[in-house]
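*Asks:* Below is the sequence, then the predicted model.
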Amino acid sequence: MSFISILIALLLEQVRPLAQHNLVHTGVRHWVRWVLSNFDAGKNQHAWLAWTIAVLLPGFVALAVHWLLVISVGWAAAAVWSIAILYSTLGFRQFSHHFTKIRDALDSGDEENARRLLAQWMRIDATALPRTEIIRHVIEHSVLHAHRYVFGVLACYTLLAAVGFGPAGAVIYRIAEFVKSYANRPLGPSSQPVSPEMIANASLAWNAIDWLPARATALGFAFVGSFEEAVDGWRQHEQAYPGDNDGVILAATSGAVNVKLGPQERDGPANLAQGTHLRAVVGLVWRTVVMWMVFLILISLAKLLS
């Protein structure tokens with residue numbers, strides 16, 4: 001059932017992706033804002049209570065609805081519920097249109113427009129970035145988004161669904177990431193303040209939740225890319241920066257497509273980012289998607305034969 005649910009959700013997301021401003025994401029934003037404003041009282045225990053309510057309660061609701069449908073209606077209805085959850089949490093098209101627009105601008109030689117698009121996407125000052133740095137930023141941002149919106153969701157969903165938790169893993173993963181981003185956002189004059197304890201706890205919880213999915217993504221990139229270079233870059237980065245989940249993904253990507261990513265002083269491939277690396281990253285991501293689907297097919301076949 002996991003394979004069919006993921007396949008249909010991915011196809012739906014490609015054919016009719018959720019708009020950037022949609023009811024699901026708006027509802028999650030209002031939910032997190034309400035929970036933090038009512039339960040984040042400035043102490044460590046209050047911050048953990050707020051995080052638990054904001055993240056785990058929706059996961060429990062997703063699990064409860066799943067088993068209620070299984071018991072009262074059947075597995076087909078539960079599969080539809082899983083497809084709806086996956087469709088709401090997966091997000092290939094949430095980042096791919098940014099990547100495509102910047103790549104097209106670079107291919108046409110319009111680096112000024114590429115800088116403008118990059119600045120809008122990443123909210124940075126890109127006015128002085130040379131072409132190689134534009135491409136490097138695009139690759140880094142794209143692979144991290146591919147992990148958070150696709151591969152991380154698939155990993156958490158698959159792991160928890162295998163032990164009877166239905167689609168709860170996808171819900172917990174995406175909301176945990178949103179809470180971390182919301183807590184660490186730059187505060188404006190009218191922004192709701194977040195306590196330092198909430199910021200620290202949200203980041204700590206996200207790092208723990210993303211530890212295994214990040215390494216699953218890195219391993220997938222290694223399998224479908226240059227394996228030895230990807231694993232070597234991953235190992236070196238893990239030794240230098242233990243627990244850096246995003247860095248593990250970037251190090252594996254760097255070795256898989258033979259391009260220098262991350263800080264310029266980081267050891268790794270000497271090749272600076274070029275236009276050919278953008279096409280290589282697109283191929284890397286899609287091959288990893290195919291690898292995931294083959295893996296799920298094999299698991300489903302093993303269950304049927306056992």
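*Replies:* The structure has been received and is ready for your questions. Numbers count the residues shown, from 1 in each chain.

*Asks:* Low-confidence ranges, the stretch 201-306 of the chain, go.
*Replies:* Applying pLDDT under 70 to the stretch 201-306 of the chain flags the ranges 263-270.

*Asks:* So which residues of it form helices?
*Replies:* For the stretch 201-306 of the chain, applying DSSP state H, counting those that start in this stretch gives helices covering 227-240, 245-257, 275-305.

*Asks:* Deepest in the core, which of the ones you listed is it.
*Replies:* Highest mean neighbour count of the helices of the stretch 201-306 of the chain: helix 245-257, a mean of 27 (counted as mean count of other CB atoms under 10 Å). All C-beta atoms are positioned from the backbone trio N, CA, C, and that covers glycine.

*Asks:* pLDDT score assigned to residue 118?
*Replies:* Residue 118 carries a pLDDT value of 89.

*Asks:* er, residue 41 I mean
*Replies:* At residue 41, the predicted lDDT confidence score is 89.

*Asks:* and the gap between it and residue 187?
*Replies:* Residue 41 sits 18 Å away from residue 187, going by CB to CB, to the nearest Å.

*Asks:* So which of the two has more stuff around it?
*Replies:* residue 41 (13 against 9; other CB atoms under 10 Å).

*Asks:* Could you pull up phi and psi at residue 13?
*Replies:* phi -70, psi -30 (degrees, to the nearest 10).

*Asks:* And for it, the neighbour number?
*Replies:* By other CB under 10 Å, the burial measure for residue 13, its neighbour count, is 21.

*Asks:* for residue 23, same thing?
*Replies:* Using other CB under 10 Å, residue 23 has 10 neighbouring residues.

*Asks:* contacting residues around residue 193?
*Replies:* Residues in contact with residue 193 (CB atoms under 8 Å, 6 or more residues apart in numbering) are residue 187.

*Asks:* now swap in residue 207 and tell me
*Replies:* Applying CB under 8 Å, 6+ apart to residue 207 gives the contacts 243, 245.

*Asks:* Quick check: it vs residue 176, distance?
*Replies:* Residue 207 is 10 Å from residue 176, where distance means CB to CB.

*Asks:* same deal with residue 81?
*Replies:* Residue 81 sits 20 Å away from residue 176, going by CB to CB.

*Asks:* Which of the two has more residues huddled nearby?
*Replies:* Legend: neighbour count by other CB under 10 Å for residue 81 and residue 176, higher for residue 176 (24 against 20).

*Asks:* Check which element follows the helix or strand harbouring residue 31 along the chain.
*Replies:* Using DSSP states H and E, residue 31 sits within helix 23-39. Sequence-wise, the next helix or strand downstream of helix 23-39 (DSSP H and E) is helix 44-51.

*Asks:* which residues are in contact with that next one?
*Replies:* By CB under 8 Å, 6+ apart, helix 44-51 touches 35-36, 38-40, 179, 195, 197-198, 200-202, 205.

*Asks:* of all these, which comes closest to residue 222?
*Replies:* When the contacts of helix 44-51 are compared for distance to residue 222 (CB to CB), residue 205 wins out at 26.9 Å.

*Asks:* I'd guessed residue 9 sits against residue 86; true?
*Replies:* Yes: with contact defined as CB atoms under 8 Å, residue 9 reaches residue 86; the gap is 3.5 Å.

*Asks:* coming back round to it: mind giving me the ChimeraX select for the contacts of helix 44-51, buried ones only?
*Replies:* The ChimeraX command for the buried members of those (criterion: 16 or more other CB atoms under 10 Å) is given here:
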select :35,36,39,40,179,195,197,198,201,202,205
